[in-house]
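Dropping the sequence and predicted coords here.
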Amino acid sequence: MGKVGAPSDGFLRNILLSYAYIGVWIFLSFAVIVFNKYILDRKLYGWPYPISLTLVHMSFCSVLAFLLINVLRFVQPVSMSRYLFLSSVVPISALYSLSLWLSNSAYIYLSASFIQMLKSLMPVIIYSLGVALKRDTFSMKTMLNMLSISLGVAVAAYDEDKFDAWGVTLQLGALIFEAARLVMIQTLLTSKGINLNPITSLYYVAPCCFIFLLVPWVFIEYPVLRDNSGFHLDFWVFGTNALCAFALNLAVFLLVGKTSALTMSVASVVKDWLLIAFFWSVIRDTLTAVHLFGYSHTFLGVGYYNHLKLQALQAKEAQKEAAACENDEMPTYRK
């Protein structure tokens, strides 16, 4: 007999698997961010064409998702009407393509560590959109926390030696489009009972993104690439980069599906600190005491936001359990 209170082998296995999912997601997210910065930065690989890079990702993901669903039968496709596709998937794809385009463009103008700092504003934007669309209830405690997060970002931006107004505008625009996409997924798809895993999401979304991005690419980047006869696409670099981006989508599916979205949100804080440390020690991004103060202030705010979400989730689960117990205890009367 095992000792009373000792954790079971199944419990320990689940804990280890959860940490494994977190580790894989952090590694792949880390790899994609560093890889994209390496390709787009003029001082590193020197290929500052964010639309083209995103097109490579979308074409690769489209082909691979098609093969996994229709050839290898790895997952079952989701039946979707033409109306739902046009009214939900198409606008979500448009927002996603804009988010990817602008976020990749920001790497040309800003340091990677400062971009990670700006991404901490995502909870602020999502909460603001949720309140504006009446999907979230206004809370003074949450709003003060959002202001605290914004203050930390402002302090870090004040002492940023590579501050570029256009780069900040691009990154903030990317965050707004991404937040709108996440809210729209909840509004248009999840509310209708349609949940897409990353493979089926890419199966529907990636081709649409490719078409949306093809239009600005023809007018903005294609003429430059056409005149740049000295450039030859390195299939090893771009193929590996696209594969990492696809693998990251699968890691997100595993992390959220096997743990929770809240776990991913908390793990993001760890990932951001690791990225900032990497870009400071290896890429030699500037990191001052003011930066550290701003970063710490922001991450504490994000951590508190996650704590509030955890409390709300626990309260919701407790209400469900109490309601279930009441239903079980209610006597059944027969006529």
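Right, received. Where do you want to start?

Can you give me the distance of residue 168 to residue 52?
23 Å (CB to CB, to the nearest Å). For the C-beta atoms, the positions are set from N, CA and C on the backbone; glycine is no exception.

isn't residue 294 right up against residue 148?
No: using CB atoms under 8 Å, residue 294 is not in contact with residue 148; the gap is 11.4 Å.

Compare neighbour counts for those two and give me the winner.
residue 294 (23 against 17; other CB atoms under 10 Å).

Which helix or strand contains that one?
Using DSSP states H and E, residue 294 sits in helix 289-329.

Distance from the chain centre to that helix, please.
19 Å (CA atoms, centre = their mean, to the nearest Å).

What sits closest to residue 220 if chain neighbours are left out?
Leaving aside its sequence neighbours, residue 220 sits nearest to residue 51 (CB to CB, 6 or more residues apart in numbering; 6.4 Å).

same deal with residue 247?
Spatial nearest neighbour of residue 247, excluding adjacent residues (CB to CB, 6+ apart): residue 28 at 5.4 Å.

which other helices and strands contact the helix or strand where the one you found lies?
Using DSSP H and E, the element containing residue 28 is helix 9-40. With contacts taken as 3 or more CB pairs under 8 Å, 6 or more residues apart in numbering; DSSP states H and E, helix 9-40 sits against helix 50-66, helix 90-109, helix 112-119, helix 235-258, helix 261-281.

Could you export the ones you listed as TSV, including distance to residue 204?
What follows is these, written out as TSV (distance: least, CB to CB, whole Å):
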stretch	distance to residue 204
helix 50-66	9
helix 90-109	8
helix 112-119	26
helix 235-258	13
helix 261-281	21
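
Including mean pLDDT, could those helices go into TSV?
Putting the helices and strands packed on helix 9-40 into TSV (pLDDT from 0 to 100) gives the following:
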stretch	mean pLDDT
helix 50-66	92
helix 90-109	92
helix 112-119	81
helix 235-258	81
helix 261-281	71
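
could these go into a markdown table alongside mean neighbour count and distance to residue 195?
Below are the helices and strands packed on helix 9-40 laid out as a markdown table (neighbours: other CB atoms under 10 Å; distance: least, CB to CB, whole Å):
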| stretch | mean neighbour count | distance to residue 195 |
| --- | --- | --- |
| helix 50-66 | 21 | 16 |
| helix 90-109 | 22 | 13 |
| helix 112-119 | 23 | 25 |
| helix 235-258 | 17 | 10 |
| helix 261-281 | 17 | 12 |
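
can you tell me which residues contact the closest residue in space to residue 208 that isn't next to it in sequence?
Sequence neighbours aside, residue 93 is the residue nearest to residue 208 in space, at 3.4 Å (criterion: CB to CB, 6+ apart). Residue 93 is in contact with 204, 205, 208, 209, 212, counting by CB atoms under 8 Å, 6 or more residues apart in numbering.

What number of residues are in the vicinity of residue 221?
Neighbours around residue 221, by other CB under 10 Å: 18.

pLDDT value on the residue nearest to residue 247, please?
Looking at residue 28, its pLDDT reads 89.

wait, what's in contact with it?
Shown in contact with residue 28 (CB under 8 Å, 6+ apart): 244, 247, 248, 251.

picking that back up, quick one: which of the contacts of residue 93 is nearest residue 56?
Nearest to residue 56 among the contacts of residue 93, counting by CB to CB, is residue 209 at 11.8 Å.

Next secondary structure element downstream of the helix or strand where that closest one lies?
Assigned by DSSP H and E, residue 209 belongs to helix 198-220. The element immediately downstream of helix 198-220 (helix or strand, assigned by DSSP H and E) is helix 222-227.
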